[in-house]
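A.B. asks: pasting the structure only:
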């Protein structure tokens, strides 16, 4: 197998791993590809193909980071709400679904 074919194989494996959220495998594929790139020059056509896939993987990584950050914010809000409930404060008035009656 040629170095070019190996780079294509590692790049495709990285794309598949990114689609599965297996970022450790993505990192490993890129490390292997990086070594190959250091050993042999790349044609402009190959570079364009690899770069197109790299952009796709980068977009997936950004989406995963955005989703993770959102999930972490949601979890923090839930933790704060639970902490308030444990302290007996209950939900904030704007979020409460209870009707308060005055005597």
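C.D. replies: Structure received. These numbers were taken from a predicted model, which means no experiment stands behind them.
A.B. asks: now do whichever strand or helix holds residue 82: which elements does it pack against?
C.D. replies: Assignment of secondary structure by DSSP states H and E places residue 82 within helix 44-86. Here helix 44-86 is seen to pack against helix 3-19, helix 23-39 when contacts are counted using 3 or more C-beta pairs under 8 Å, 6 or more residues apart in numbering; DSSP states H and E. Heads up, the C-betas are built off the backbone N, CA and C, glycines and all.
A.B. asks: determine which stretch of those helices is the most buried.
C.D. replies: Mean neighbour count (mean count of other C-beta atoms under 10 Å) peaks for helix 3-19 among the helices and strands packed on helix 44-86, with a mean of 17.
A.B. asks: and the angle from that one to helix 23-39?
C.D. replies: On the basis of axes from the mean of the first three to the mean of the last three C-alpha atoms, to 10 degrees, helix 3-19 is oriented at 160 degrees to helix 23-39.
A.B. asks: residue 33 touches residue 9, doesn't it?
C.D. replies: No - applying C-beta atoms under 8 Å, one finds residue 33 not in contact with residue 9, separated by 9.1 Å.
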